[in-house]
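>>> Sequence first, then the predicted structure:
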Amino acid sequence: MDKKKIAYLPVLNFNDPADLCSRLLAAEFDMMEEGLTIFHQEDYSLRPQAVRENEVGLLPWPNDEDLVNVIGRRELEDIHASGTEGEALELFFKKGGDYKLIESYWDELFEQANRTGFKVVVRDFEKENSMKEALNAERQRWISDAK
């Protein structure tokens, strides 16, 4: 029996650019920590047959053209040179980048993954992190009480 591959998409708040940026950066970090290969909307290799992993991350992200239109080519080149891609996303939203664009990329990724045979799972990475932190705090309190 062929196991269906899973593609994770983050829960995002498209009505609040600051929260949207925070959630995208957190989801990217969490996906990398979990060792997931991350695909963006322009990655046309998102096909279960082309992906070796059973689980992948999907992350809607402004492409270079989107970023240049908002923050400028020179600033984007400086960001690429410094290797701080998250800064480009933050500047994109601070300078008025269209968060609805990210929503359309999210929809595009969802449809593309479904169409190509992935099971799409929408995950709330921020909520998962909050729960992990609470569990760790409770575990530490329990250990301290046991001593």
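Done, it's in. Residues are numbered from 1 along each chain as shown.
>>> Tell me where the protein has helices.
Ranges of helices within the chain are 17-33, 64-71, 73-82, 85-94, 99-115, 125-146, based on DSSP state H.
>>> For these, which has the smallest mean pLDDT value?
Note on the helices of the chain: helix 125-146 shows the lowest mean pLDDT, a mean of 74.
>>> relative to helix 17-33, how tilted is it?
70 degrees (axes from the mean of the first three to the mean of the last three CA atoms, to 10 degrees).
>>> got JSON lines for the helices of the chain, with distance to residue 4 and mean neighbour count too?
The C-beta positions use only the backbone N, C-alpha and C, and glycine is treated the same way. JSON lines is the format used below for the helices of the chain (distance: least, CB to CB, whole Å; neighbours: other CB atoms under 10 Å):
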{"stretch": "helix 17-33", "distance to residue 4": "19", "mean neighbour count": "17"}
{"stretch": "helix 64-71", "distance to residue 4": "32", "mean neighbour count": "17"}
{"stretch": "helix 73-82", "distance to residue 4": "36", "mean neighbour count": "13"}
{"stretch": "helix 85-94", "distance to residue 4": "31", "mean neighbour count": "19"}
{"stretch": "helix 99-115", "distance to residue 4": "11", "mean neighbour count": "17"}
{"stretch": "helix 125-146", "distance to residue 4": "22", "mean neighbour count": "11"}
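>>> Brilliant, that's me finished.
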